Structures are given as structure tokens and as C-alpha cells.
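Enquirer: fold the following, please.
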Amino acid sequence: MPGLHRTLAAVTLFGILPGPAHAQPAADFYRSATLRFHLSSEPGGGFDIIARSFAKYFTNYLPGKASIVVVNMPGGGGTILANWCYNVAPKDGSVICMPLSTMPLNQVIAPEPVRYDANRVAWVGNLEKATGTILTWHTSQTKTMQDAMRRETPMAGTGKNSIIYQLLTLSNHIIGTKFKIVLGYSTGRVLAVERGEVDGTGSTLQNIPAMAPNWTESQYQLLAINAPKRLDKHPNVPTMIEFAKTDRHRAMLEFWMAQSATARAIFAPPGVPADRVELLRRAFEQTVKDPAFLAEVAKLQTVIEPDTGEEVQSEVKRLLATSPEVAAAIVDVLK
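Expert: Down below sits the predicted model:
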């Protein structure tokens, strides 16, 4: 897989090796540490709000209830944060990072700006699954995927490494839709949709309530979801796979689904001592069961569907071992 080989070569070039062993016991370290939690999103969006809610409870389950500072580091479709966390962040366990869901996927399909290996970071856990969806505002003339195949439809996007751009571009190539992707939007894309600057956007079903908490389901229409089958909650919303015409197209969509394992995942940089990674993972597992945390995110209409750090590590490994032919096909579409 040429893209992945280039990425790993770049990682080697940067000389990123596991950090030195730390003699201080993990429990003692966190009793005196200030944890920095870096996010690949701007302040105020759904991604940011859920992460800050998590941070508030997470340190309760670390020894000494260490203090925590949340730092936003948006840009580059998430690669700015991922590269920084991998190459620059301290390797002592004082920094954890929440990348965009596309972090492992981009290592395969958009490797040029990537300076990390998602297999080598220490995944702490994942807060929720991610079901990709394409939606339009209620005033749009594009109300179905069939409409989108006939009509050019402006859609708000962020950057080319984002889940939005990738989902809409795959739809255009595989299904034959005519989405016109307008890049450069971030937290402003909700207003852009409401004002009619664009007809809609892409997202995940899980992120819509946090992204646009004032929206009701009557104000937008789901055109399609990228899932193995239709969902009981949305039985009339087709899956993108239903429109796939070839086995290769189906395999491409299934590969893209695999990033659900990192929908809202957290990792520590490579080289963090194993005992500190263990404490971070167990603190994560306790946080996602905390009744106060669950009640807080429920008010944001968000459901926590966690994966352990070990489960995320396994899924990332599987994603990065995908068929070179399928990966090359997606790279060709998204380039």
C-alpha cells in the first residue's frame, strides 16, 4: 500500500521512537500532574461540547483527581492535532488527544500530510459509534438520493480530510449524486444550512444533536446513511450500500464504515509508559459508566456507546490492514 508506506517512512524520518521509561509510579505521577486534553475541533461545536463534558468527570477516576485543561487544535481535517500529538506532545502521559474519526483512515487514503502511525499510539477508548449520514434542510428541493442524482446540490464541508468531504465525494462517485461540496465551513455550517447558503451537509447520526441542538427532526431530511442495514429508528432512510452497483463499491463503503471505532476516540502519544496507559484506560471505562456524566450528555441528546482502548486498538489495526486494492480505489476517488 504505497500511501501507508510513505506514511511509515515519514514517521521513521521524524525519528519517532518510544520515549524513555519513567521511574515514577503511575499513581504518583497523576497525583501531581496537570492533564492536557487536546481536541481537533474548534470551541463550541458538538465535538467540543461532548469532549469537555467527558473531561469534567474523567479525572475523578485518576489518582489524586488530577486537574485537566482542554485545548482546541483544529485544522487540516484533523491532521494538525494528530501530527502534533504523535510527534511533539510529551510522552509521559500528561497529554491525551481526541482526533477526528478519520485519523486512521487518512493514513491510508490521504497520507501526504500524515506524520503518524495510528497503530502505534495508545488508544484509551471511544465514546460513541459513528453512522455517516447525508442530510438536507427542509426547504431544499433535494429530498431524496434520487433528487441528488438529478440536481446539483450545494453542501457545506470543512476540509478534504474530513468525514463530510469523504462521505459526499464517495456518494458522488459510487452512487452518482451531484453534491457540490463547498469547503471551509466549520462550526458555521449549521447557520449556512439554516440560511440557505447551502442545501445541507454530511455528519454522523450521533453528532447531529450536539452539532445542531436546536434542530428538530422535522427541519431536515436524512437522504441516506452509511451502515450495513437500515436502522429501526429510520426505516425509510436507505443505506448507501443499497445504491452500490459493484462489489468493489460495496467494499469501499464498508471500509469507510470501519472508522466508527474512532468516532469520538481518545489516544495517548506513543511511548507513554504502559502503567500510565493502563490507568488512563481504566479511568475512561469508569467515566463512561458515571451516572452524572451520562445524565449530562443525555441532555445534549447524545448516547454514549463506548469501546475500550483495547477494542479500538484492535479495530484500528484491522482498518490499516485493509486490501490494497480497496484502499487504492478510495484514494483514487478522494484525491
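Enquirer: from here on, contacts and neighbour counts on C-alpha atoms
Expert: Noted.
Enquirer: what residues are up against the residue nearest the centre of the chain?
Expert: Most central in the chain under C-alpha atoms, centre = their mean is S101, positioned 1.7 Å from the mean C-alpha point. The contact partners of S101, by C-alpha atoms under 8 Å, 6 or more residues apart in numbering, come to I163, Q259, S260, A261, T262, A263, R264, A265.
Enquirer: cool, and M155?
Expert: Going by C-alpha under 8 Å, 6+ apart, M155 touches F179, K180, I181, V182, V198, D199, G200, T201, G202.
Enquirer: which stretches of this structure have low pLDDT?
Expert: The chain contains residues with pLDDT under 70 at 1-23, 187.
Enquirer: care to break it down by domain?
Expert: Listed domain ranges for the chain are 2-128+264-334, 132-257 (source: automatic domain parsing).
Enquirer: end-to-end on the last one?
Expert: Translated: domain 132-257. End-to-end distance for domain 132-257, by C-alpha to C-alpha, to the nearest Å: 8 Å.
Enquirer: is it possible to export the contacts of M155 to a markdown table including neighbour count, distance to H234 and secondary structure?
Expert: Output for these, formatted as a markdown table (neighbours: other C-alpha atoms under 10 Å; distance: C-alpha to C-alpha, whole Å; DSSP: H, G, I helix; E, B strand; the rest coil):
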| residue | neighbour count | distance to H234 | secondary structure |
| --- | --- | --- | --- |
| F179 | 22 | 22 | strand |
| K180 | 18 | 26 | strand |
| I181 | 23 | 25 | strand |
| V182 | 17 | 27 | strand |
| V198 | 23 | 24 | coil |
| D199 | 26 | 21 | coil |
| G200 | 30 | 18 | strand |
| T201 | 27 | 18 | strand |
| G202 | 27 | 17 | strand |
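Enquirer: got JSON lines for those, with distance to N172 too?
Expert: Compiled in JSON lines, the contacts of M155 are given as follows (distance: C-alpha to C-alpha, whole Å):
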{"residue": "F179", "distance to N172": "7"}
{"residue": "K180", "distance to N172": "9"}
{"residue": "I181", "distance to N172": "10"}
{"residue": "V182", "distance to N172": "14"}
{"residue": "V198", "distance to N172": "17"}
{"residue": "D199", "distance to N172": "16"}
{"residue": "G200", "distance to N172": "15"}
{"residue": "T201", "distance to N172": "14"}
{"residue": "G202", "distance to N172": "13"}
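Enquirer: going by distance to M149, which of those residues wins?
Expert: For these, the residue nearest M149 by C-alpha to C-alpha is F179; the value is 8.3 Å.
Enquirer: number of nearby residues for K289?
Expert: 12 (other C-alpha atoms under 10 Å).
Enquirer: in which helix or strand does it reside?
Expert: Using DSSP states H and E, K289 maps to neither a helix nor a strand.
Enquirer: what's the separation between it and G75?
Expert: Between K289 and G75 the computed distance is 31 Å (C-alpha to C-alpha).
Enquirer: L300 now?
Expert: For L300, the distance to G75 - C-alpha to C-alpha - is 25 Å.
Enquirer: tell me the contacts of V69?
Expert: Taking C-alpha under 8 Å, 6+ apart, we find V69 in contact with T34, L35, R36, F37.
Enquirer: closest one of those to Y61?
Expert: When the contacts of V69 are ranked by distance to Y61 (C-alpha to C-alpha), L35 comes first, at 12.7 Å.
Enquirer: ok, back up a step: for the residue nearest to the centre of the chain, helix, strand, or coil?
Expert: Assigned by DSSP: H, G, I helix; E, B strand; the rest coil, the conformation of S101 is coil.
Enquirer: OK, contacts around K160?
Expert: K160 makes contacts with G77, Q166, L183, as judged by C-alpha under 8 Å, 6+ apart.
Enquirer: please repeat the previous calculation with a cut-off of 7 Å.
Expert: Contact analysis of K160 by C-alpha atoms under 7 Å, 6 or more residues apart in numbering lists G77.
Enquirer: and it, what element?
Expert: Applying DSSP H and E as the criterion places K160 outside every helix and strand.
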